[in-house]
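Visitor: A predicted structure for the sequence below; I have some questions about it.
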Amino acid sequence: SISMLNKNLDLNITDYVTVDFNAVVSCIDLIGGPEVAYDHATTFLGLNHLNEDDRGAIASLSLGGMNGGVSVREMANAYTYVANGGMHYDTYTYYYVTDRRGNVILDNRDRVGIQAYSKETATIMNRLLYANLNAETHHTSAFYASVYGWEICGKTGTTNDEYDSWFCGVSPYAALAVWTGFDDPASVWNTDNATITFSKVMGRYLEDKEYKDYDLSEGVIEAEYCTITGKLAEKTCKTKATGYYTEDNMPSKCKSHAGFIEDETKPTNPGQENDEPSTAPTVGIEIDIPTAPVEPTTTDPQETVAEN
């Protein structure tokens, strides 16, 4: 429900996720700073390669240019909570392994997860990342990661000069991360490859799966909000979008457009002609987009699947 303004751009958090502007990460201060985010990522999300140099680095930690870095497997691992009602499960390669006598010597069938985020937080993040692939106006290549007949949630990611290209996402059955880049930093000639690879691999994986929905919280409320103020939309608001809220975090109703009417043939404000710019107020915080160093990892595209 926070509208974030950067220079002349009037964007809210949903827009930043869709447009792929990383400025939204400046909101990290609202949760207690980069140290809190670091501790949560290393304790609950399995990002074990991060080191103490990353702990207070707000720009590099939020944009992915970490000192310690992350692996493709870790990124798939970190996304599992989005599809599991906030539960995080470590990745594994084998369900179980037996010796020649049938004795089980490795067993991952009854793994116990941890509650990384509340079910409500996971549901809101799930819906934001689903909208990222299904926005009416596509600002990134995220929609290429779609799989016909399934709800896919995920996010693209690139570094400076397109040295790295990512897509990390989930289906109701699995999390999958795809990275493309080079050992020696060089631009990736086609940043769509990560999303296209995700679609092919996840699509093949889901071929024989029975359809099921995500485990979403019934405590999350879907409501229309005014895209100018971020408040709950009224009939007089000119542009609206769908937001997701908990009952104790519902925004108030928009009161800024009482003079607006929906008939496009009439002035939008009393005494204002249609071709004049609107003077409707906006709310938000002004932030700058930080930059981060590049941390490429390996030579060939990789994919990692993490069972939910």
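Guide: On my side now, so go ahead. Quick caveat, the model's predicted, so the values are computed rather than measured.
Visitor: count the neighbours of Ser71 for me.
Guide: Ser71 sits with 17 neighbouring residues when counted by other Cβ atoms under 10 Å. C-beta here means a position set from N, CA and C on the backbone, and glycine is covered the same way.
Visitor: so how far is Ala174 from it?
Guide: For Ser71, the distance to Ala174 equals 17 Å [Cβ to Cβ, to the nearest Å].
Visitor: repeat that for Gly32.
Guide: Relative to Ala174, Gly32 is positioned 31 Å away (Cβ to Cβ).
Visitor: higher neighbour count, those two?
Guide: Counted by other Cβ under 10 Å, Gly32 and Ala174 do not tie: Ala174 has more neighbours, with 20 against 11.
Visitor: so the more buried one bridges to which residues?
Guide: Glu307 (DSSP bridges).
Visitor: in contact with Ser187, which residues?
Guide: Residues in contact with Ser187 (Cβ atoms under 8 Å, 6 or more residues apart in numbering) are 161-163.
Visitor: in three-state terms, label it for me.
Guide: Under the three-state scheme (DSSP: H, G, I helix; E, B strand; the rest coil), Ser187 adopts coil.
Visitor: nearest to Val112, of the contacts of Ser187?
Guide: Val112 lies nearest to Tyr163 out of the contacts of Ser187, by Cβ to Cβ, at 38.1 Å.
Visitor: start to end distance for stretch 129-148?
Guide: Start-to-end span of stretch 129-148 (Cα to Cα, to the nearest Å) is 17 Å.
Visitor: and if you look at stretch 217-232?
Guide: OK, stretch 217-232 end separation, Cα to Cα: 21 Å.
Visitor: for the record, mean pLDDT for that stretch?
Guide: For stretch 217-232, mean pLDDT rounds to 93.
Visitor: now do the buried residues in that stretch.
Guide: Within stretch 217-232, the residues scored as buried using 16 or more other Cβ atoms under 10 Å are 217, 220, 225-232.
Visitor: want to throw those into TSV with secondary structure and distance to Met75?
Guide: Listed next are these as TSV, based on DSSP: H, G, I helix; E, B strand; the rest coil; distance: Cβ to Cβ, whole Å:
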residue	secondary structure	distance to Met75
Ser217	coil	24
Val220	strand	25
Tyr225	strand	30
Cys226	strand	35
Thr227	coil	31
Ile228	coil	35
Thr229	coil	35
Gly230	coil	30
Lys231	coil	35
Leu232	strand	35
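Visitor: now tabulate those in TSV and tack on distance to Lys238.
Guide: Shown next, in TSV, are the buried residues of stretch 217-232 (distance: Cβ to Cβ, whole Å):
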residue	distance to Lys238
Ser217	31
Val220	26
Tyr225	13
Cys226	8
Thr227	9
Ile228	8
Thr229	11
Gly230	14
Lys231	13
Leu232	15
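Visitor: where do the helices sit along the stretch 101-250 of the chain?
Guide: 119-134, 193-206 (DSSP state H, counting those that start in this stretch).
Visitor: now those helices as JSON lines including mean pLDDT and mean neighbour count?
Guide: Output for the helices of the stretch 101-250 of the chain, formatted as JSON lines (pLDDT from 0 to 100; neighbours: other Cβ atoms under 10 Å):
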{"stretch": "helix 119-134", "mean pLDDT": "94", "mean neighbour count": "21"}
{"stretch": "helix 193-206", "mean pLDDT": "96", "mean neighbour count": "20"}
